[in-house]
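Asks: From the sequence below, what's the structure:
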Amino acid sequence: MAAISHETLEQMGFAEIGSNVLISEKATFYNCNKIKLLDNCRIDDFCVVAAGEGGVNVGRYVHIAVGSTLIGAGNITLSDFSGLSSRVAIYSSSDDYSGAFMTNPTVPKQLTNVKHADVYLGKHVIVGSGSVILPGVRLEEGVAIGALSLVTKSCKTFGIYAGNPAKLIKERKKDLLTLEQQLLNHKKNES
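Replies: A predicted model of the protein is given here:
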């Protein structure tokens with residue numbers, strides 16, 4: 001993956017850029033002044049990050065895999081150590097599909113009923129390939145979402161969810177919390 005240089009990233013006008021940020025030259029960003037990219041995050045080819053008024057916050061050690069999209073007016077937060085597999089879509093805005101209103105951004109705003117709501121992914125959340133997360137969803141710490149899931153409701157801490165709509169399958173192990181501490185201790189000893 002050809003990555004954008006740190007100098008170019010600084011010129012793009014991001015709200016915040018951490019160290020060791022690896023961004024593909026083929027990724028696309030809108031409203032960089034509302035996007036924060038913290039240390040050790042990576043965004044792969046063909047990802048689209050379109051920040052609205054709420055902005056997009058990408059935490060430390062976050063990976064956004066090829067072809068994923070983060071779009072909408074509400075805030076989207078990916079907390080430390082979270083990850084999106086390929087072709088995941090996160091929306092913080094959505095049209096009204098009931099038929100009571102017109103849809104899409106080409107018609108006058110007063111004829112639509114677009115919903116905006118923040119989306120939050122806690123620490124160690126992982127989202128499987130092809131999944132879709134809708135506005136207003138909170139994935140609490142340690143949640144795992146199976147591939148090709150549609151997440152319409154918030155998910156509880158360290159639950160494994162899958163399906164359309166996504167439902168709780170079972171509890172997830174918490175061993176990764178020990179590994180996180182090992183990593184942080186190692187980094188602390190290096191500095």
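
Asks: Do me a favour and get the end-to-end distance for stretch 54-66?
Replies: 24 Å (C-alpha to C-alpha, to the nearest Å).

Asks: Over to stretch 43-54?
Replies: Stretch 43-54: ends 20 Å apart by C-alpha to C-alpha.

Asks: cool, stretch 106-118 as well?
Replies: For stretch 106-118, the end-to-end distance is 23 Å (C-alpha to C-alpha).

Asks: Surely residue 67 and residue 84 touch.
Replies: No. Residue 67 is beyond contact range of residue 84, at 9.7 Å (criterion: C-beta atoms under 8 Å). Any C-beta I mention is one placed from the backbone N, CA and C, and that applies to glycine too.

Asks: These two: who's more crowded?
Replies: Under the criterion of other C-beta atoms under 10 Å, the comparison of residue 67 against residue 84 puts residue 84 first, with 30 against 18.

Asks: State the distance from the more buried one to residue 53.
Replies: 22 Å (C-beta to C-beta, to the nearest Å).

Asks: How about residue 34?
Replies: Distance of residue 34 to residue 53, given as C-beta to C-beta: 7 Å.

Asks: How about residue 80?
Replies: Computed as C-beta to C-beta, the residue 80 to residue 53 distance reads 24 Å.

Asks: For these two, indicate the residue with more neighbours.
Replies: Neighbour totals were compared for residue 80 and residue 53, and residue 80 leads with 18 against 12 (other C-beta under 10 Å).

Asks: my guess is that one meets residue 125, correct?
Replies: No. The pair residue 80 / residue 125 is not scored as a contact, 10.0 Å apart, by C-beta under 8 Å.

Asks: Packing partners of the top helix by length along the chain?
Replies: Among the segments of the chain that qualify as a helix by DSSP state H, the longest is helix 175-190. Helices and strands touching helix 175-190, by 3 or more C-beta pairs under 8 Å, 6 or more residues apart in numbering; DSSP states H and E: there are none.

Asks: for the residue nearest to the spatial centre of the chain, which residues make a bridge with it?
Replies: Geometric centre of the chain, nearest residue: residue 78, 4.8 Å, by C-alpha atoms, centre = their mean. On the basis of DSSP bridges, residue 78 is bridged to residue 58, residue 121.

Asks: Could you tell me which residues make contact with it?
Replies: 57-59, 62, 64, 84, 121, 125 (C-beta atoms under 8 Å, 6 or more residues apart in numbering).

Asks: Chain neighbours aside, what residue packs nearest to residue 146?
Replies: Spatial nearest neighbour of residue 146, excluding adjacent residues (C-beta to C-beta, 6 or more residues apart in numbering): residue 162 at 2.9 Å.
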